[in-house]
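Visitor: Build me a structure from this.
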Amino acid sequence: MYLLCYGRSGKARVTGNKLIDKLGGRWISSSDFYSSGIDIPESKSGAAIVLILPLEAALEILTGAISSRISDLPVICCSPDGAFVAVIRNGDLGPSELEALTGHIASVFGPSCFTSFGSRAGIVTDLEYCIRNYSMKVSDRSLADKINEYIRQGGRVNVYSDIPLSLAEPVLDSLVYRLNMFPAESRGQLTKAFIDNEENTASEPGVFITCQAMPEAAQAKNLVLTPALICIGVELKAKVDPQYAADIITTSLKNHGIDPSSVSTVAVSQSARDSEVIKTIADSFGASVTALSTKQISEVKLPLEPTFAPEKISDSATAAAYLAGGGGKILVRRGGGSSGVVFSAVRKNGQLIITE
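Guide: You can find the predicted model right below:
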């Protein structure tokens, strides 16, 4: 533990010196908050800022332009007379780590020092809202129930996603949900975060919201929520067995790292709508069928690089998927090989609002 103490009054200096003597750390000045960062010895772990100020003054400082280099440090407010210790920013610490940190600080002042200013319990909606709203597949129902209860009690949860996420009430919801966003192209980074959280025995359970296929979780540490956001466009190039066609698409999606349960829509030309093959494909994913006119498909402008072969720029499978997906991100283009069925996959545009 390494405390970075800030305070100005005589009482604050006495209180801060007690903390530094008992728990370790040093004093910082007001200029440190706005500089390029505070130097922390590499040998010191568990650093935290302690503002030994009246609560309203501590909050005023916290709303200022604090350097981004120290923005991940937890911030603790401690009254100059040692009467209370309050967490006013979580930083990178989870609820159990914050509780331990404030407990250590409060213990310096004896049993009369209090640390509770009210609970976060019940101030935000749990995961069931976004699960229902976006028809999400739940990887582990018992773990989801456990995390939901943790959220209802005010526990803080890390949410990881390569899909744009937002909170309905950012100020309140961010007290419980910490969003960790990854670019759509960074499959490796999201998978690494999954593995790291799985292997870190001290970390809280993580929630991963993605259409990617994630590794198997060995310890029931990571909950994967898969929203139904993928639209596939299908062309039938030859006579093909319906189940074989469905299996080809499922296998190809998996090979591209896409969870087949994320498919919500099968988009085709109107002439293919009643095909037994299309019905079987849609049924295998539990997806709906969207039929598009030849004119609609031909007028789609795909965001692809020009080539010398115009037919490689505009194709009905990609155009149908792109149109049904609202112009979203093209994940697979003309998969299926020489099987007789060609498909493209597009992830729908837009943010997911995960709280109500």
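Visitor: CA atoms for contacts and neighbours, from now on please.
Guide: Will do.
Visitor: Which helix or strand contains L331?
Guide: strand 329-335 (DSSP states H and E).
Visitor: and the angle for whichever helix or strand comes after that strand with strand 329-335?
Guide: Sequence-wise, the next helix or strand downstream of strand 329-335 (DSSP H and E) is strand 341-347. Interaxial angle of strand 341-347 relative to strand 329-335 (axes from the mean of the first three to the mean of the last three Cα atoms, to 10 degrees): 170 degrees.
Visitor: please renumber so the chain begins at 13
Guide: Okay, using 13 as the starting number, the last item reads as strand 353-359.
Visitor: Partner strands of strand 353-359 and their direction?
Guide: For strand 353-359, the paired strands and their directions (DSSP bridges) are strand 242-248 (antiparallel), strand 341-347 (antiparallel).
Visitor: could I get the ones you listed as CSV with distance to G19?
Guide: Output for the strands paired with strand 353-359, formatted as CSV (distance: least, Cα to Cα, whole Å):
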stretch, distance to G19
strand 242-248, 54
strand 341-347, 51
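Visitor: Ranked by average pLDDT, which of these falls at the bottom?
Guide: When those are ranked by mean pLDDT, strand 341-347 comes last with a mean of 92.
Visitor: circling back to that earlier point, so which of the strands paired with strand 353-359 is the most surrounded?
Guide: Stretch with highest mean neighbour count among the strands paired with strand 353-359: strand 242-248 (a mean of 27; mean count of other Cα atoms under 10 Å).
Visitor: so what's R285 closest to, chain neighbours aside?
Guide: Spatial nearest neighbour of R285, chain neighbours left out: A303 (5.9 Å); criterion: Cα to Cα, 6 or more residues apart in numbering.
Visitor: Which parts of the stretch 263-368 of the chain are strands?
Guide: Secondary structure of the stretch 263-368 of the chain by DSSP state E, counting those that start in this stretch: the strands cover 275-281, 300-304, 341-347, 353-359, 364-365.
Visitor: between those strands, which gets nearest to Q255?
Guide: Between Q255 and those, the shortest gap by Cα to Cα is with strand 353-359, which sits at 11.4 Å.
Visitor: chain center to the closest one, what's the gap?
Guide: 26 Å (Cα atoms, centre = their mean, to the nearest Å).
Visitor: and the angle for that strand with strand 275-281?
Guide: Going by the same axes, to 10 degrees, strand 353-359 makes 130 degrees with strand 275-281.
Visitor: Okay, now the unreliable bits of this structure?
Guide: 46-49, 68, 75-81, 128-132, 214, 229-231, 316-326 (pLDDT under 70).
Visitor: For the residue nearest to the spatial centre of it, which residues are in contact?
Guide: The residue lying closest to the centre of the chain (Cα atoms, centre = their mean) is Y172, at 2.6 Å. By Cα atoms under 8 Å, 6 or more residues apart in numbering, the residues touching Y172 are L191, N192, M193, F194, L202, G218, V219, F220, I221.
Visitor: in terms of contact, does D84 touch G106 like I think?
Guide: No. Counting by Cα atoms under 8 Å, D84 does not reach G106; the two are 12.0 Å apart.
Visitor: Could you check how far A294 is from C17?
Guide: 61 Å (Cα to Cα, to the nearest Å).
Visitor: So the two - more neighbours on which side?
Guide: C17 (25 against 20; other Cα atoms under 10 Å).
Visitor: Where does the more buried one sit: helix, strand or coil?
Guide: Under DSSP: H, G, I helix; E, B strand; the rest coil, C17 falls in the strand class.
Visitor: List the beta-bridge partners for it.
Guide: Bridge pairing for C17 - DSSP bridges - gives W39, V62.
Visitor: likewise L237?
Guide: With DSSP bridges as the rule, L237 is bridged to V150, I221.
Visitor: Report the contact partners of it.
Guide: I143, M148, K149, V150, S151, V219, F220, I221, T222.
Visitor: Was I right to think T302 contacts V278?
Guide: Yes. With contact defined as Cα under 8 Å, T302 reaches V278; the gap is 6.1 Å.
Visitor: Among the two, which residue is more densely surrounded?
Guide: Counting neighbours by other Cα under 10 Å for T302 and for V278 shows that V278 has the greater number, 29 against 18.
Visitor: where's that one relative to A333, distance?
Guide: 8 Å.
Visitor: where do the contact lists of the two overlap?
Guide: Counting by Cα under 8 Å, 6+ apart, the residues touching both V278 and A333 are C243, I244, G245, V246.
Visitor: Distance to V236 added to these, as CSV?
Guide: Output for those, formatted as CSV (distance: Cα to Cα, whole Å):
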residue, distance to V236
C243, 20
I244, 22
G245, 26
V246, 28
